[in-house]
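K.L.:
I need the structure of the sequence given here:
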Amino acid sequence: MIVINCSFTSETTDMNDFFKVLVDRGLVAGSRADHGNQGYDFYINAEDPKKMMLIEKWETMEDLSAHSETELFQTFRPTCKEFGVKSRLAMYEE
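P.N.:
So this is what the prediction gives:
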């Protein structure tokens, strides 16, 4: 299993609002529906709402690669940029 920990930060955007945008644009449901997805869970920092963590779990690297190529995923980075959200990834195999 491939696990990705993705941290999000912003100087201006509340992650509760950003998460709602991701849901409204179908990014969360779409990603959860992609083949091989075993988990796609968001955690907003209780002490700093401008920080959020996403933990993704994928059956195989091929599943993750296919997810990265979807049209929906291609809208993810522009959405982050639109809301001034920076991301940082850590990936490992479980």
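K.L.:
Could you pick out the longest helix of this protein?
P.N.:
Longest helix in the chain, counting residues (DSSP state H): helix 15-24.
K.L.:
residues in contact with the closest residue in space to residue 26 that isn't next to it in sequence?
P.N.:
Nearest residue to residue 26, sequence neighbours excluded (CB to CB, 6 or more residues apart in numbering): residue 72, at 6.4 Å. C-beta: built from backbone N, CA, C; applies to glycine. Counting by CB atoms under 8 Å, 6 or more residues apart in numbering, residue 72 touches 26, 27, 30, 31.
K.L.:
Let's see the pLDDT reported for residue 72.
P.N.:
Here, the pLDDT recorded for residue 72 equals 88.
K.L.:
For PyMOL, what selects the buried ones among the contacts of residue 72?
P.N.:
Remark: buried members of the contacts of residue 72, expressed as a PyMOL selection using 16 or more other CB atoms under 10 Å:
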select buried, resi 27+30+31
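K.L.:
Just give me the residue right at the centre of this structure.
P.N.:
Centroid-nearest residue in the chain: residue 54, 5.2 Å away (criterion: CA atoms, centre = their mean).
K.L.:
So in terms of bridging, what pairs with it?
P.N.:
For residue 54, the beta-bridge partners under DSSP bridges are residue 6, residue 42.
K.L.:
thought it was touching residue 3?
P.N.:
No - the criterion here is CB atoms under 8 Å, and residue 54 misses it with residue 3 at 11.1 Å.
K.L.:
how about the helices in this protein?
P.N.:
Counting by DSSP H, the helices of the chain are 15-24, 27-33, 61-68, 76-82.
K.L.:
which stretch among these comes nearest residue 8?
P.N.:
helix 15-24 (6.5 Å; CB to CB).
K.L.:
Determine how far that closest one lies from the middle of the whole chain.
P.N.:
Distance of helix 15-24 from the chain centroid (CA atoms, centre = their mean, to the nearest Å) equals 11 Å.
K.L.:
now swap in stretch 59-75 and tell me
P.N.:
12 Å.
K.L.:
Give me the distance between the two termini of it.
P.N.:
End-to-end distance for stretch 59-75: 23 Å, by CA to CA, to the nearest Å.
K.L.:
for stretch 70-88, same thing?
P.N.:
Using CA to CA, the span of stretch 70-88 from its first residue to its last is 20 Å.
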